[in-house]
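Trainee: Everything below, folded, please.
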Amino acid sequence: MRTFRFVLGISVLLAGSRAAVAQAPAGGAPPAPAVIAPSDNLVVENVPPIPASLAAEVGRYTEFRGAGFASWHPTRHEMLIATRFGNVTQAHLVKFPGGARTQMTFYPDRVSGARFDPVKGDSFIFSKDEGGNEFFQFYRYDFADGKTTLITDGKSRNTGARWSNNGKLVAYGSTRRTGNDVDVYLEDPRDPKSDRRLLELSGGGWDVDDWSPDDSKLLLTEGISVNETYLWLADVAAGTKTALTPKGKDKVAYSNAAFAKDGKGLYVTVDQGSEFQRLAYMDLATKKVEFLSPDTADVDDFDLTEDGKTIAYVTNEKGASALHLLDTASRQSRPGPKLPLGVVSGLRWHKDGSLLAFTMETARSSSDAFSFEPATGKVERWTFSELGGLNPDNFVEPELVSWKTFDGREISGFLYKPDPKKFSGKRPVFVEIHGGPEGQSRPDFLGAWNYIVNELGVAVLMPNVRGSLGYGKTFSQLDNGVLREGAYKDIGAMLDWIPTRPDLDPGRVLVGGGSYGGHMTLAVAYLYSDRIRCAIDVVGPSNFVTFLQNTSGYRRDLRRVEYGDERDPKVRAFLEKTAPLNNADKIKKPLFVVQGANDPRVPMSESVQMVQKIRAVGTPVWYLMAKDEGHGFAKKNNRDFQFYANIVFMQKYLLGEGTAATTSR
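Mentor: Numbers count the residues shown, from 1 in each chain. As a prediction, this is how the structure comes out:
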């Protein structure tokens, strides 16, 4: 799971924000400086006017674009990608490496999950919600007439659409029946009225993983938590399901399940008897598991060729990705192409087995789509996402750093340092805490925050505190429930470590994060208020009790495993005791809170109640809310305004540059 970099306002298209130029007053007095006026969908409280000159100065850093591989055409070497040319990400077609990105969808909300019809390639399905509410609907695009058809009910939350191998059906999960439980539906996407419920299930953690080679069965995953999942086999004709993995005392996590091409077994990543998610083969007759990768690193993703002879898989090596190839007959693995330090995702073989597609992101390049040809060893870049005209050689590579925490464990993170030739002395520090909590900060692209490193001389430090993925399942469970304070203390240990660095300034530290990272930000703000200058919280839970009561029902039980069950009196007492909301009087440094009105994960009430408490205490607090956003800002115009406001906040409270009067809107 990727870190919530929307905290940092990686953005696009400067034109999305409107500059309002003040008129010259009567009497010949000079006009007021031009400012960026927030659009009508933004609620802005206590944020100073944003100078238009700031937008002009940072403009190129908001013009970064990224692209991600989505799907191969079944018979041609063409791919669907996701990228943004307007305000939000849409589906595009690319016909050859470096070819034009032809936009196929045009909506005010972002599009994701585009997948070609696997036989003819004459259509594709994709997913879209409205205003970030995550009530995803599936649509079918027909190349013959360019028409787009809604193929789900338009009301429920629909996820995980998978084409059958023969291209006749799509299987997907939907909350249509109860609003919370995810059932499995089947449908011919050419006839939306053909949809039918295959399985009635209990719980919100169900996913469709794969179809059997003969399309008679489905592989399902039942997710209880990041450390506990189960595999099921569903019979399409009978509408029944059979457990493939036992429920016992020892919790095991299975991911990325896919049928072997003979249908007699399946490939999966699993942490059974291991610290890490290992690539494995399960025989369906005996249920015996054979491990195919060592217990040294998580296998993040894999894909099997159409002929079943080769698996490509990616390992997470202390945050960096490594690509491998495995011969399924000999079980021998070999390194894939040598790639730069970065993050690789979205592996997918072309149907003819000659090319492997993937998305790659590095510190010096935004995400782009690539292909690898094993026969020749050739890696080709299919998209060249723009970087605002800036020279990528000037973007800094991160340093892997580590420190000892309160219980002797080693905590690590990535540090992006300003150029010492340009910025001398100890540098201010922005600490970005990832979301999840089962996320991980990785050596990827900083986006717009390259501006604060390159132009303001602020270092960016991204820690991976306990609970993060990538360091073994024991580490990922160290923050569960009443163990949560251990994660807070990891940040405290980091604040002890910063003064040991001659290049970092412990007197100028800003902490920020999104989602769970936002919660961590609020906790750090009250626990270590004397050691930071200010904080930026984006869609962070301020009290896990109220959060669990108000988050969407389909995800409530999943979050209870992580944060603790608020219905248990002892757990509830702990959550209330440690809640930032109930410790707001200890937050003495300025706070900036950002929220989307349609957030189904962390409801707006979590931010509103925190802002109200901070105001009552008298600590300075800025508030930015978008009426057309959900769990973080997806629209470029909103992200731009958020980024400008972040910079003004940083200049005032971290760098001490100016004391502009605040206004409300």
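Trainee: What segments of this structure are helices?
Mentor: 52-58, 450-454, 473-476, 485-497, 516-527, 544-550, 553-563, 569-578, 604-617, 636-653 (DSSP state H).
Trainee: Now the second one: average pLDDT?
Mentor: Helix 450-454 shows an average pLDDT of 97 in the prediction.
Trainee: Any idea what Thr315 is bridged to?
Mentor: With DSSP bridges applied, the residues forming beta bridges to Thr315 are Val299, Ala322.
Trainee: Same check on Val44?
Mentor: Each beta-bridge partner of Val44 is listed here: Leu624, as defined by DSSP bridges.
Trainee: Just give the number of residues close to Leu292.
Mentor: Per other Cβ atoms under 10 Å, the neighbour tally for Leu292 reads 20. C-beta coordinates here come from the backbone N, C-alpha and C atoms, glycine included.
Trainee: Look up how far Thr619 lies from it.
Mentor: 54 Å (Cβ to Cβ, to the nearest Å).
Trainee: same thing with Val111?
Mentor: Using Cβ to Cβ, one gets 40 Å for the distance from Val111 to Thr619.
Trainee: And these two? Which one has more around it.
Mentor: Counted by other Cβ under 10 Å, Val111 and Thr619 do not tie: Val111 has more neighbours, with 23 against 18.
Trainee: Just the pLDDT for that one.
Mentor: According to the model, Val111 scores 97 on pLDDT.
Trainee: Please name the residues that touch it.
Mentor: 82, 88-91, 105, 126-128 (Cβ atoms under 8 Å, 6 or more residues apart in numbering).
Trainee: at 7 Å what do you get?
Mentor: With contacts defined as Cβ atoms under 7 Å, 6 or more residues apart in numbering, the neighbours of Val111 are 82, 89-91, 105, 126, 128.
Trainee: Look up how far Glu130 lies from it.
Mentor: Separation of Val111 from Glu130 (Cβ to Cβ) stands at 12 Å.
Trainee: Setting aside sequence neighbours, what's the nearest residue to Met625?
Mentor: Counting by Cβ to Cβ, 6 or more residues apart in numbering, the nearest residue to Met625 once its immediate chain neighbours are dropped is Val43, at 4.2 Å.
Trainee: what's the distance between the one you found and Ala237?
Mentor: 53 Å.
Trainee: you'd agree Lys241 is up against Glu222?
Mentor: No - using Cβ atoms under 7 Å, Lys241 is not in contact with Glu222, being 9.5 Å away.
Trainee: Now for those two: what residues contact both?
Mentor: The overlap between the contact sets of Lys241 and Glu222 (Cβ under 7 Å, 6+ apart) consists of Trp232.
Trainee: Give me the more crowded residue out of those two.
Mentor: For the pair Lys241 and Glu222, the greater number of neighbours falls to Glu222 (21 against 18), based on other Cβ under 10 Å.
Trainee: surely that one meets Trp206?
Mentor: Yes - the pair formed by Glu222 and Trp206 meets the contact definition of Cβ under 7 Å, at 5.7 Å.
Trainee: shaky segments in the protein?
Mentor: Within the chain, the stretches falling below the threshold (pLDDT under 70) are 1-30, 657-665.
Trainee: go again using 90 as the cut-off
Mentor: 1-33, 226, 247-250, 436-438, 558, 656-665 (pLDDT under 90).
Trainee: And for the residue nearest to Arg140 when sequence neighbours are not counted, the neighbour number?
Mentor: Excluding the flanking residues, the one nearest Arg140 by Cβ to Cβ, 6+ apart is Pro189, at 4.5 Å. For Pro189, the neighbour count with other Cβ under 10 Å is 25.
Trainee: Can you name the residues that contact Pro189?
Mentor: The neighbours of Pro189, taking Cβ under 7 Å, 6+ apart as the test, are 125, 140, 151, 170.
Trainee: Let's see that with 8 Å instead.
Mentor: With contact set as Cβ under 8 Å, 6+ apart, Pro189 has these partners: 123, 125, 138, 140, 151, 170.
Trainee: got it, and Pro502?
Mentor: Counting by Cβ under 8 Å, 6+ apart, Pro502 touches Lys426.
Trainee: can you put the contacts of Pro189 in TSV and add neighbour count?
Mentor: Formatted as TSV, the entries for these read as follows, by neighbours: other Cβ atoms under 10 Å:
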residue	neighbour count
Ser123	19
Ile125	23
Phe138	24
Arg140	20
Ile151	24
Val170	24
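Trainee: Tabulate those (a markdown table), appending distance to Asp262.
Mentor: Conversion of those to a markdown table gives the following (distance: Cβ to Cβ, whole Å):
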| residue | distance to Asp262 |
| --- | --- |
| Ser123 | 29 |
| Ile125 | 28 |
| Phe138 | 30 |
| Arg140 | 31 |
| Ile151 | 32 |
| Val170 | 24 |
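Trainee: Which ones among those map onto strands?
Mentor: 123, 125, 138, 140, 170 (DSSP state E).
Trainee: and the two most separated of those residues?
Mentor: The most widely separated members of those, counting by Cβ to Cβ, are Ser123 and Phe138 (12.1 Å).
Trainee: ok, now which ones touch Ala82?
Mentor: Shown here is Ala82, whose contacts under the criterion Cβ under 8 Å, 6+ apart are 67-68, 70, 89-92, 111-112, 114.
Trainee: how about those in CSV, adding distance to Ala369?
Mentor: Putting the contacts of Ala82 into CSV (distance: Cβ to Cβ, whole Å) gives the following:
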residue, distance to Ala369
Ala67, 5
Gly68, 7
Ala70, 8
Thr89, 13
Gln90, 15
Ala91, 13
His92, 10
Val111, 16
Ser112, 15
Ala114, 12
